[in-house]
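[1] Just to be clear, the model below is a prediction. Sequence and coordinates:
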Number of protein chains: 2
Amino acid sequence: MMRTRFQQQMEDLREKLLRMGGLAELAVDRATQAYTERDLTRCQLVLENESLINAAEREIDEMAFDILATQQPAATDLRFILAVTKINADLERVGDQAVNIAERVMDLIELPAVELPVDIPRMATAVSAMVRRALESFVEGKAELAQAVLEMDHVVDRMRDEAFIMLVRKMNEEPQVTQQALDALLVARNLERVADHATNISEDVIFWVLGADVRHHAQAASAAQRPERSEA
Amino acid sequence: MMRTRFQQQMEDLREKLLRMGGLAELAVDRATQAYTERDLTRCQLVLENESLINAAEREIDEMAFDILATQQPAATDLRFILAVTKINADLERVGDQAVNIAERVMDLIELPAVELPVDIPRMATAVSAMVRRALESFVEGKAELAQAVLEMDHVVDRMRDEAFIMLVRKMNEEPQVTQQALDALLVARNLERVADHATNISEDVIFWVLGADVRHHAQAASAAQRPERSEA
């Protein structure tokens, strides 16, 4: 069966967004490894690759604009395209968070290494899983997968709160490591923001698949099924 | 001259977005006043009004979707609608930042009041001006106004950097005020993020007015005219 030009354009848009998702995921993973291994090279890779992510964002927006302008897609296709433009913006911001983490790590590497009461790798694992599953839910068009991501967000929020309490205590007890503790605290906050973007992406997938807007519906019948949009 | 239904829809969309912009601006102003005056009531107002902002975001997205689905707008109108959906998302996040600030202020109010080496009101004034001008550039469809906002972003970034340095020094010298200094530092960071959203909004206005994508073009001929998109 021949594909129409429209089908091909939609498929290209989908693939391009997935590639961008891969870049954003990689950036977060690299930034976190850079934290764990105090690795300047990985930090620099994250900074360099930001321009690739930015270029991808622009291309995707242009593709979406072209399809809307020339094909007048209806209903589900239109929702898909609008979801893509929103997911696109969130992925670009995931890339920005990776850059923020890399910058904090570059600051940390300059300072004496100290033991800190925060498990950044564990938090990063949870956050990466959220981004990956949000993209899977997009690939497979499955609202249930997206729903699962929304529920994981609370876990990451809790990790962030815990990290804040422990790190502030550390700053109080050992003022000489304040800068390091603050860097770690900001890395935790950046990771939490990546989780928020994964949450946004999942909501956009649900909007596309179900045609329902799940944002800001904490008051709905089933709170478990419709958690409130969160962005801290 | 009679307005077509399409013209009326476009005008409604524009007005709705402006009202939402007003809500987001008000939230930031209230949160900052709450900081200055250690005022719990204003904090609670910010938290309560978040749901209004969230509802407005949903409505605007639905209006945009309806116009796209039923009117198949072309060229400039299409760019306008896409710009509206992006500005909409940024305004909702401005509201989130105001909530974050209010939460920090609620934490601060519980702690002894201390003198901190940071001028939050001055930073807030600059940030509010950016949001207001970004919205003005949208109302008037003037790319030059939007351009001016992009240039203000560097000033706010510098204020944030300064605040970080001074507040970390304070934490080192007086560990007993670490929590207060950290709260102020996070307020400064939230304000800087509001400025980033104002920057994003301005870029969307330029995209709509000029049909040109100014994001991520730091390498362009005139760096002054095309600063890189920033989100810290």
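    Now that the structure is in, tell me what you want to look at. Source: prediction; values computed, not measured.
[2] Write out the residues of chain A neighbouring chain B.
    Counting by C-beta under 8 Å from any C-beta of the partner chain, chain A comes close to chain B at A:51, A:54-55, A:57-58, A:61-62, A:64-65, A:68-69, A:72, A:74-75, A:78-79, A:82, A:85-86, A:89, A:93, A:96, A:100, A:168, A:171-173, A:175-176, A:178-179, A:182, A:185, A:213, A:215-216, A:229, A:231-232. For the C-beta atoms, the positions are set from N, CA and C on the backbone; glycine is no exception.
[3] Which of the residues you listed fall in helices?
    Counted as lying in helices by DSSP state H, out of those, are A:51, A:54-55, A:57-58, A:61-62, A:64-65, A:68-69, A:75, A:78-79, A:82, A:85-86, A:89, A:93, A:96, A:100, A:168, A:171-173, A:178-179, A:182, A:185.
[4] Contacts only, for residue A:164.
    Residues in contact with residue A:164 (C-beta atoms under 8 Å, 6 or more residues apart in numbering or on different chains) are A:185, A:188.
[5] so how far is residue B:48 from it?
    25 Å (C-beta to C-beta, to the nearest Å).
[6] how close does residue A:95 get to residue A:49?
    Distance from residue A:95 to residue A:49, counting by C-beta to C-beta: 8 Å.
[7] If you could redo that for residue A:10, that was the one I meant.
    Distance from residue A:10 to residue A:49, by C-beta to C-beta: 27 Å.
[8] returning to what we had before: just the buried subset of the ones in helices among the residues of chain A next to chain B, please.
    Among these, the ones that count as buried by 16 or more other C-beta atoms under 10 Å in any protein chain shown are A:54, A:57-58, A:61, A:64-65, A:68, A:78-79, A:82, A:85-86, A:89, A:93, A:96, A:100, A:168, A:171-172, A:178-179, A:182, A:185.
[9] which of residue A:95 and residue A:49 has more neighbours?
    Neighbour totals were compared for residue A:95 and residue A:49, and residue A:95 leads with 30 against 19 (other C-beta atoms under 10 Å in any protein chain shown).
[10] Spit out the contact partners of that one.
    A:23, A:24, A:27, A:49, A:50, A:53, A:54.
[11] of the residues you listed, buried ones?
    Here, 16+ other C-beta under 10 Å leaves A:23, A:24, A:27, A:49, A:50, A:53, A:54 buried among the contacts of residue A:95.
[12] In this structure the last one contacts residue A:93, no?
    No. Using C-beta atoms under 8 Å as the test, residue A:54 is too far from residue A:93 to be in contact (11.1 Å).
[13] For the host helix or strand of residue A:20, what is the distance to the chain centroid?
    Element membership of residue A:20, judged by DSSP states H and E, is helix A:5-37. Offset of helix A:5-37 from its chain centre (C-alpha atoms, centre = their mean, to the nearest Å): 10 Å.
[14] Now it: buried residues?
    A:9-10, A:13, A:16-17, A:20-21, A:23-35.
[15] counting contacts, what elements does it pack onto?
    Secondary-structure packing of helix A:5-37 (3 or more C-beta pairs under 8 Å, 6 or more residues apart in numbering or on different chains; DSSP states H and E): helix A:40-71, helix A:75-110, helix A:120-140, helix A:178-210.
[16] Most tightly packed of those helices?
    Burial of the helices and strands packed on helix A:5-37 is given as mean neighbour count (mean count of other C-beta atoms under 10 Å in any protein chain shown); helix A:178-210 ranks first at a mean of 25.
[17] Which strands and helices lie in contact with that helix?
    helix A:5-37, helix A:75-110, helix A:120-140, helix A:143-173, helix B:143-173, helix B:178-210.
[18] what about it, distance to the chain center?
    6 Å.
[19] For chain A, which residues score under the pLDDT cut-off?
    Within chain A, the stretches with pLDDT under 70 are A:1-2, A:212-232.
[20] let's see 90
    A:1-3, A:72, A:74-76, A:172, A:207-208, A:210-232 (pLDDT under 90).
[21] just to revisit the earlier point, out of the contacts of residue A:95, flag the one nearest to chain B.
    Distance to chain B across those (C-beta to the nearest C-beta) is lowest for residue A:54, with 3.7 Å.
[22] gap between the closest one and residue A:141?
    Residue A:54 is 27 Å from residue A:141, by C-beta to C-beta.
[23] again with residue A:34
    34 Å.
[24] ok, and the closest non-adjacent residue to residue A:19?
    In space, and not counting its chain neighbours, residue A:19 is closest to residue A:56: 6.9 Å by C-beta to C-beta, 6 or more residues apart in numbering or on different chains.
[25] who's in contact with the one you found?
    Contacts of residue A:56 by C-beta under 8 Å, 6+ apart are A:16, A:19, A:20, A:23.
[26] Next one: the third one relative to residue A:87, how far apart?
    The spacing between residue A:20 and residue A:87, counted by C-beta to C-beta, is 9 Å.
[27] Ok, the last one next?
    From residue A:23 across to residue A:87, the span is 13 Å (C-beta to C-beta).
[28] Which residues are in contact with each of these two?
    With C-beta under 8 Å, 6+ apart, residue A:23 and residue A:87 have no common neighbours.
[29] one step back: name the stretch from the helices and strands packed on helix A:178-210 that approaches residue B:106 most closely.
    helix B:178-210 (9.5 Å; C-beta to C-beta).
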